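Student: Just need the structure, nothing else, for what follows:
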Amino acid sequence: MVSKDQRRKQLARAKWERQAERREHRVRRSRRRRVLTSALLVVVVAGGVSALVMLNRDDEGTEQAADDAPTTEPTAEPSDPPEDPCAAPADGEPSQQQWDAEPEVTVDTEASYVMTLATTCGDIEITMDAAVAPRTVNSFAFLAGEGFLDHSPCHRLVTEGIHVLQCGDPTGTGQGGPGYTIPDENLDSPEVADGVYPAGTVAMANTYDPTTDSGRDTGGSQFFLVYEDSELPPDYTPFGTVTGGMDVLETIAATGAAPPDPTTGNTAPYATVVVNEATVTPAEEG
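Tutor: Residues are numbered from 1 along each chain as shown. Model (predicted):
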């Protein structure tokens, strides 16, 4: 029988082997992007918005945190992969369910709810405030009840510029969602009004593009958890706070992120972060 330690090493080694196969492709891709990246940075700075603090959809429709795009060839990978602090995922497959419309609001819009993410790296508890983001909280209560988030990977970790772990896409590509969208909420929250999302904030990814002011109200199921204070404009619905498991987030972040995937552009965490089960329950009063 393979031990947990051996399984972790096998998973980490497999991840490195996949990256090694793609290294040459990434190098070529990086060279092609140099000119485009330089031009993009000029345009973005001229518009008064930092490229480091955008969460939007790329040309392929990916909702993701945009960190500083590489302008040099990737550095050589170390001979040994980092130690994976997480366990092997539970048996099961990510959801393929889709819905045509946002679910009817059934949560108590004056109450708080707790979404518990039982991950391979430990439990993370998110206290959600339905009073300020009723449709967002209602959507997660619905999706958790349908098992939509179960067995889904957290597909993106950003460790420079902003500090977030992004989850909520069963496809693990940054392009998946439940089939419906929900509106932006709570953008006037004083907690993010100064352009900083504090550590512990949980907010929605979306497709908003500040350069064209397009893509409002495009939240789906993808969300990000902030593990260090991050400079971000108040364009992403803050709907919850990490009230348990912050140490889990910090451990995931400390393990680091892989180079950008040549297909999706995602920088996946080296840690094997999978939501084995997501549940939403009313918060205890008192």
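
Student: Just the strands from the stretch 101-250 of the chain, written as ranges.
Tutor: Secondary structure of the stretch 101-250 of the chain, counting by DSSP state E, counting those that start in this stretch: strands at 112-119, 122-129, 152-153, 156-158, 164-167, 196-197, 201-204, 223-226, 230-231, 238-244.

Student: got any ranges where this protein has weak pLDDT?
Tutor: Under the criterion pLDDT under 70, the flagged ranges of the chain are 1-81, 285-286.

Student: Now do the buried residues in stretch 221-237.
Tutor: Using 16 or more other Cβ atoms under 10 Å as the test for burial, stretch 221-237 gives 221-227, 230, 232-237. The way it works is simple: take the backbone N, C-alpha and C, and place the C-beta from them, glycine included.

Student: cool, stretch 247-257 as well?
Tutor: Within stretch 247-257, the residues that count as buried by 16+ other Cβ under 10 Å are 248-249, 251-253, 255, 257.

Student: Could you single out the nearest of those residues to residue 109?
Tutor: Of all the buried residues of stretch 247-257, the one sitting nearest residue 109 is residue 249; the distance, using Cβ to Cβ, is 28.1 Å.

Student: from memory that closest one sits against residue 122, does it?
Tutor: No: at 9.2 Å, residue 249 and residue 122 do not qualify as touching, with contact defined as Cβ atoms under 8 Å.

Student: still on that earlier bit, now intersect the buried residues of stretch 247-257 with the helices, please.
Tutor: Cross-referencing those with the helices (criterion: DSSP state H) gives 248-249, 251-253, 255 as the overlap.

Student: thinking again about what came up before, could you dump the buried residues of stretch 247-257 to JSON lines with distance to residue 157?
Tutor: Output for those, formatted as JSON lines (distance: Cβ to Cβ, whole Å):
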{"residue": "248", "distance to residue 157": "13"}
{"residue": "249", "distance to residue 157": "10"}
{"residue": "251", "distance to residue 157": "12"}
{"residue": "252", "distance to residue 157": "7"}
{"residue": "253", "distance to residue 157": "7"}
{"residue": "255", "distance to residue 157": "9"}
{"residue": "257", "distance to residue 157": "4"}
